[in-house]
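Engineer: I need the structure of the sequence given here:
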Amino acid sequence: MRPDRPLIVAVASLATGVGLLVAYCQGHTGMNFAYPFSGSNLHLDLTTYGPAALGGFLLTALGLLLLVWAVLAAIVHQFTLLAGREDRMGSSLKRDRGWGREAAFEDERHPGSTLGLTERRHEG
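Structural biologist: Purely as a prediction, here's the structure:
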C-alpha cells in the first residue's frame with residue numbers, strides 16, 4: 001500500500017480538528033522567560049464548548065490514527081521496494097553475458113531486426 005493517500009487525509013483531518021478546537025476556544029495563554037531555564041514556563045488554557053469540542057477531538061484522534069497508519073504503510077512500502085530490488089538484481093544478472101565485464105546493452109538486437117544499435121548508428 002502506498003502511504004500518500006492516508007497521509008493526505010491525516011494532515012487534513014489533523015488540521016481541521018485542531019482548527020476547530022482553537023477557533024471555538026475561550027481561554028488565554030501565557031509565557032514567561034527566565035534566566036535559569038527551569039524558571040521559564042508556558043501556560044495554555046483552552047476551553048472549547050459545543051459541537052466543536054466533540055468534532056475537533058474526534059477529527060484530531062482520527063488524524064493521529066491515520067498518521068500512524070501512513071507511517072506504517074511507508075515503512076512496509078520501503079521494505080517491499082527493497083525486496084523488489086533484489087528480484088530486479090537477479091534479472092539484471094541474467095542479462096549479463098560475462099561475469100567479468102559489463103553487459104553491452106548497445107549491442108543487443110532489436111526485435112525483428114538483424115542490426116544492433118552500434119550497426120544502426122553507422123548505417124547512415
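Engineer: Okay, strands next: where are they in the protein?
Structural biologist: 28-32, 41-45 (DSSP state E).
Engineer: Please produce TSV containing the ones you listed, extended by mean neighbour count and distance to residue 6.
Structural biologist: (Glycine included, C-beta is placed from N, CA and C.) Shown next, in TSV, are the strands of the chain (neighbours: other Cβ atoms under 10 Å; distance: least, Cβ to Cβ, whole Å):
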stretch	mean neighbour count	distance to residue 6
strand 28-32	9	32
strand 41-45	10	29
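Engineer: which residues of the chain fall in helices?
Structural biologist: 4-23, 51-95, 117-123 (DSSP state H).
Engineer: from those, which stretch is densest packed?
Structural biologist: Stretch with highest mean neighbour count among these: helix 4-23 (a mean of 16; mean count of other Cβ atoms under 10 Å).
Engineer: which regions of the chain sit below the pLDDT cut-off?
Structural biologist: Scanning the chain for pLDDT under 70 picks out 1, 85-124.
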